[in-house]
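>>> what would the 3D arrangement of this be:
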Amino acid sequence: MSNPMVSSLLNKLANYTNLTQGVTEHEDEDATPGCERPQMGTFIGVYLPCMQNILGVILFLRLTWIVGTAGILESFAIVVMCCTCTMLTAISMSAIATNGVVPAGGSYYMISRSLGPEFGGAVGLCFYLGTTFAGSMYILGTIEILLTYIVPNAAVFVAEKKEGEAEAMLNNMRVYGTCCLALMALVVFVGVKYVNKLALVFLACVVLSIMAIYAGVIKTVIEPPDFPICLLGNRSLQNHNFEKCVKTEVIKNVTYTTKLWELFCDSRHLNATCDEYFTLNNVTEIQGIPGLLSGVIKDNMWGDYGPSGMLVEKKRQSSVPAQDNSRDIYMPYVFNDISTFFTLLVGIYFPSVTGIMAGSNRSGDLRDAQRSIPFGTILAIATTSFIYMTCVVLFGACIEGVVLRDKFGDSVKKNLVIGTLAWPSPWVIVIGSFFSCCGAGLQSLTGAPRLLQAIARDGIVPFLQVFGHGKANGEPTWALLMTAGICEIGILIASLDAVAPILSINGMFYPVSCVQFFLMCYLFVNLACAVQTLLRTPNWRPRFKFYHWTLSFLGMSLCVSLMFISSWYYALVAMSIAGCIYKYIEYRGAEKEWGDGIRGLSLNAARYALIRLEEVQPHTKNWRPQLLVLLKLDSDLGVKHPRLLSFTTQLKAGKGLTIVSSVLEGTYMTLGAEAKSAEQNVKSAMHAERTKGFCHVVVSSNLRDGFSHLIQSAGLGGMKHNAVLMAWPGAWKQAEDSYPWKNFIETVRETTSAHQALLVAKNIDKFPSSEDRLGEGTIDVWWIVHDGGLLMLLPFLLRQHKVWRKCKMRIFTVAQMDDNSIQMKKDLQMFLYHLRLNAVVEVVEMHDSDIAAFTYEKTLVMEQRSQMLKQMQLSRNEREREAQLITKLGTKSHGNLNDNAPATPDHRVHMTWTKDKLITERNRNRSEPNVGVKDLFNMKPNQSNVRRMHTAVKLNEVVVNKSQGAQLVLLNMPGPPKTKGGDENYMEFLEVLMDGLDRVLLVRGGGREVITIYS
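Numbers count the residues shown, from 1 in each chain. Below you'll find the predicted structure:
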């Protein structure tokens, strides 16, 4: 037989708790084994906790003052704006919360699992700070009620003069706030079960207080309460130091002065010297609560903002102004304690609508979380919004304006202003608000440490991991201590007038920065819902269907607007704090894969960008080396030459594409595990050398095919490599097997066939690491063949890195004896000037016989290069006209790889500068019949080996003589012979060419211009 409805409700209320899921889990560990945790429904599990968290200190202590200062219309606009923000956030939160189970952590869990650990950690820590400072606000609210309305005589510090009252009050707040914080922290530390037992008491206090307010409003229609206020002229007076609102009184035909007289005059005698304003104006007594039908709503419709120290005056009340107002501050008037303006009131009010996530934080304790969280949260926000909106109107319709603007109730004998309206007694509101603030403070000290513990246990912020530990039952002891410490800072700072914009308003803590943290959290909840909705990920299947991405974006816009409306500078501070935390987690945090929406967003953005990249060939201006780095692995599958990765880092500086790859010889069926292990080793080496890029290890039947497949297929879409970087096979002569150096030559042929640039580093192990700093030195470029400008671009890129930054660039070019060396140097200097490159130019003269095999007979011919330099002497109009012409760049400079290879089609490229078409045709017609005038890059095996070696030796002598002390030497790399018969001679030629040089980078262009003189 089921229990009756009333007894069932009482049973649920007896088990009511306002604690989060993680708290009850820890408490249940002390319970009897096998005892099931109560499964709560919508009303007890979501609706009541949200109501208790939303309704609180601002409603009881500041809402009347906000209505009096801003007026009914503007106050109503503030309430509607803030409640709309939380309602839209609740809709987004409901969608996220019903898309799976939300364990301990609440908003942090939702954001981190939807937007990634970086956003989750940043916003989670900001939300933690907001919750912690909110605890300071609630504690200071508790002390304000205690010292102002309950036991004002309990003050430790008492001011001797009126101007010292504010400072004395702040010191009292500091002392009592610290004691209250220590007591609350002790209660939470001993056991949250005691907080759990008090939760129903706190909730009852809130409900009874609100009922007393509405009852008082109804009573004003029948019989308004008697709370007279005294006006001098039109100025409101503090009436707790006098009883009668008269200057003098007649007793038995004798005129006596009153206590009010003594406050404004230097003696109690009728002939005393009195304040000028007191003398010129009469005192009148009016009712502070005229009632709902009095028509006072008309006077309270508009706002009355003013600076700090402004007198609280009744509108449309006549008065005679005084000439001297210098002593007004010492008179018992009611003043504005702070400067008031609309945006300040928005920041003060917004904390009263927070607390909307109390239901989602306890999803594990709910019988049907998918139904209870949306319905209970939205209903709670609707109820509290109705309460706030009606209170704004009713306060303005029932209470006199000067009383509304009297923040501390000085004009109504130090009564709480909202208490004067309550029925049956103001003490209902005073006691209710006191316990409400106590409960809210305890909840903050209970929930904030668990939020910090959840972040710490995820391990995304390394230095917070200590806060993930606690007592044996999981209680977050260290996190509680941290929270109490931050709360204490808030209580102490709240006492400083110097930071009044953030905090203290005569002892009441209004952390505008706290508002920023809450708003930032709500902003990212809306963003998470919008991102998941727009991405349409398969896992996005919330049971709550009444959401839309437009509502989420509207909620985001409101959050951002409220952040900057309440305080634009603290909005920037909060964003900066969140941004710093985000970057720290991104840099130092643990790698987490939670299937978040940002990953999905990145995938969509990458797909879109790749499709766009593939549609158009990159312009010369955007060309940069996109590297495919070919690594060798040792027998332990480790990287054989890690300095190759260091050089990659220095060359790329994290920009563009880098693919680091290697090949294992065998079959994937047998070497699959080894390939994954090798890939991890390569990734570790990349991390150690700070190389940003992608890693790929493939298994192939032989190394030759493996490297060939990588050169052909590495990359994706428009993100493909255009240059290959590899190490020179240093011990190729001593190797028993010729396979390594033959494989090297075949790789050179593959890159040439693919029209990709090739960079070969000799003595790579002697190259500097990324931690080294090269001092004074040079990077020497030996420009023998124009390869599209790659030789000149590489030193510029290297010098962007801190390793090579202090090195200077030198360019050497070779001329025959009959060339005009002086003119050639001037032309080259002009060329570099237009390229915006700073380099020292040197022209080296050599005999024709010494360079016949390399620089004259086997290159593009000095005449052709001279024509390229002379092109710089064209007029500016001619250069601009021809700059963007697309000309055919013949691939004859590279030649076919073998005699049977089909002709390679010409490529249309963006030239750095172009030749006149007639000169181009004449050069082509003149050079084609002459078989000897070909590039050394197509060296044929039947040519004289003696002649070639003579060229290599002579050129090497010149290079060593000029560049032996250089930090790096860049040389043109000749192409391999067409047939394999001359491979060994080719290796010998390169070996002789580089002999005696420590660090050499052989460079072979990819067949297109890579540098331009145009912007």
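
>>> name the nearest residue to the residue positioned nearest the centre of the chain, sequence neighbours excluded.
Taking Cα atoms, centre = their mean as the criterion, residue 579 is the residue nearest the geometric centre of the chain, at 3.4 Å. The shortest distance from residue 579 to any non-neighbouring residue, by Cβ to Cβ, 6 or more residues apart in numbering, is to residue 122 (7.4 Å). C-betas here are computed from N, CA, C, even on glycine.

>>> ok, the one you found touching residue 576?
No. In this structure, residue 122 sits apart from residue 576 without contact. The criterion is Cβ atoms under 8 Å, and the distance is 11.0 Å.

>>> between the two, which is the more surrounded one?
residue 122 (29 against 10; other Cβ atoms under 10 Å).

>>> who touches that one in this structure?
The contact partners of residue 122, by Cβ atoms under 8 Å, 6 or more residues apart in numbering, come to 578, 579, 581, 582, 585.

>>> just the buried residues of those residues.
If you count burial by 16 or more other Cβ atoms under 10 Å, the buried members of the contacts of residue 122 come out as 578, 581, 582, 585.

>>> same list, those, but as CSV with distance to residue 229, pLDDT and secondary structure please.
As requested, these are exported to CSV (distance: Cβ to Cβ, whole Å; pLDDT from 0 to 100; DSSP: H, G, I helix; E, B strand; the rest coil):
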residue, distance to residue 229, pLDDT, secondary structure
578, 47, 88, helix
581, 50, 88, helix
582, 53, 87, helix
585, 56, 85, helix
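
>>> pick out the most distant pair among these.
For the buried ones among the contacts of residue 122, the maximum inter-member distance is 10.6 Å, found between 578 and 585 (Cβ to Cβ).

>>> low pLDDT regions in the stretch 451-600 of the chain?
For the stretch 451-600 of the chain, the stretches with pLDDT under 70 are 472-474, 494-513, 589-591, 593, 595-597.

>>> can you pull out the helices in it?
Counting by DSSP state H, counting those that start in this stretch, the stretch 451-600 of the chain has helices at residues 477-493, 512-535, 549-566, 568-588, 597-615.

>>> out of those helices, which one sits most buried?
Compared across the helices of the stretch 451-600 of the chain, helix 512-535 shows the largest average neighbour count, a mean of 26 (mean count of other Cβ atoms under 10 Å).

>>> okay if I get the buried ones among the contacts of residue 122 as TSV plus distance to residue 843?
Formatted as TSV, these follow (distance: Cβ to Cβ, whole Å):
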residue	distance to residue 843
578	58
581	57
582	54
585	55
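
>>> that older thread, does the residue nearest to residue 579 belong to a helix, a strand or coil?
Classification of residue 122 by DSSP: H, G, I helix; E, B strand; the rest coil places it in helix.

>>> against residue 575, how distant is it?
10 Å (Cβ to Cβ, to the nearest Å).

>>> isn't residue 217 up against residue 292?
Yes. Taking Cβ under 8 Å as the contact criterion, residue 217 and residue 292 are neighbours in contact, 6.2 Å apart.

>>> overlap of the contact sets of these two?
Residues touching both residue 217 and residue 292 (Cβ under 8 Å, 6+ apart): 394, 398.

>>> tell me which of these two has more neighbours.
Just comparing residue 217 and residue 292: by other Cβ under 10 Å the higher neighbour count belongs to residue 217, 22 against 18.

>>> just read off the phi/psi values of that one.
Summarising the backbone geometry of residue 217 under the convention degrees, to the nearest 10, its torsions are phi -60, psi -40.

>>> for it, give me its contacts.
With contacts taken as Cβ under 8 Å, 6+ apart, residue 217 has the following neighbours: 292, 394, 398, 421.

>>> one more: residue 291?
220, 221, 224, 398.

>>> report the buried members of those.
Buried subset of the contacts of residue 291 (neighbour count, 16+ other Cβ under 10 Å): 220, 224, 398.

>>> which of these has the weakest pLDDT?
The member of the buried ones among the contacts of residue 291 with the lowest pLDDT is residue 224, and it reads 89.

>>> checking that one next. Helix, strand or coil?
When classified by three-state DSSP, residue 224 comes out as coil.

>>> that one against residue 288, yeah?
No. Between residue 224 and residue 288 there is no contact under Cβ under 8 Å: 9.4 Å.

>>> for residue 270, see how far away residue 254 is.
For residue 254, the distance to residue 270 (Cβ to Cβ) stands at 11 Å.

>>> what of residue 695?
Here the distance between residue 695 and residue 270 works out to 98 Å (Cβ to Cβ).

>>> of these two, which one has the most company?
When residue 695 and residue 270 are compared for neighbours, residue 695 comes out ahead with 21 against 13, by other Cβ under 10 Å.

>>> just checking, what packs against the longest helix anywhere in the chain?
Using DSSP state H, we find that the single longest helix of the chain is helix 63-97. Under the contact criterion of 3 or more Cβ pairs under 8 Å, 6 or more residues apart in numbering; DSSP states H and E, the helices and strands touching helix 63-97 comprise helix 107-115, helix 342-349, helix 369-398, helix 401-404, helix 417-421, helix 512-535, helix 549-566.
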